[in-house]
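**Student:** Next comes the sequence, and after it the predicted model I'd like to discuss.
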Amino acid sequence: MKGKKIESRAMPLFCPKCKKVMKKRLDKKMWPIHNMCFDCVIHMETELRRNGKFKEYEQKKIEENMKSYLKDTKQKAKEYLEALNQVEFLQNSMGDIEKWDVDLSQIKDIREKYNEHLDQVQKLIDTMGNNKGEE
Ligand SMILES: [Zn+2]
């Protein structure tokens, strides 16, 4: 399901920008964020600073990170809700067996909170998309 995304994030042997071998610890750290080696990141950020575009760039990076974090959160919340649905379904169909610790009203509560949370996350994602304007 999510295999492709992980694949594209794996670090290649050579930096796509400068074609040098990426093997430093800092390269590994920079790769998932910038998709280039550490030297290239430093070089790019120096350029951006010189052009006065660093703030803009930084902001964009933060937004991108936020966005992917929010998408992750959304996915997890969805999975959690599905799990809750199953618990509820099982509990309903099996009646009140003593080993069930979960209180149904509690589940309803949690689900409502999660749904609210999901809504907020979605709204945030939408706002970000609208603010961006161009790629
Ligand atoms: Zn490089």
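**Tutor:** Great, that's in hand.
**Student:** Looks like L13 contacts M22 (just checking).
**Tutor:** Yes - the pair L13 / M22 is scored as a contact, 6.8 Å apart, by C-beta atoms under 8 Å. For glycine as for every other residue, the C-beta is placed from the backbone atoms N, C-alpha and C.
**Student:** more crowded one of those two?
**Tutor:** Set side by side, L13 and M22 show more neighbours around M22, with 21 against 8, by other C-beta atoms under 10 Å.
**Student:** Would you agree the more buried one is in contact with M11?
**Tutor:** Yes - at 6.1 Å, M22 and M11 qualify as touching, with contact defined as C-beta under 8 Å.
**Student:** Give me every residue in the chain lying close to the ion.
**Tutor:** C15, K17, C18, M36, C37, C40 (C-beta under 5 Å from the ion).
**Student:** Poorly predicted segments of this structure, please.
**Tutor:** Scanning the chain with the threshold set as pLDDT under 70 gives 1-9, 91, 94-104, 129-135.
**Student:** Which helix runs longest in it?
**Tutor:** helix 54-94 (DSSP state H).
**Student:** one step back: out of the residues of the chain next to the ion, which are inside helices?
**Tutor:** Of these, the ones assigned to helices by DSSP H are C40.
**Student:** most surrounded residue in the residues of the chain next to the ion?
**Tutor:** Using other C-beta under 10 Å as the neighbour test, the residues of the chain next to the ion are led by C37, with 26 neighbours.
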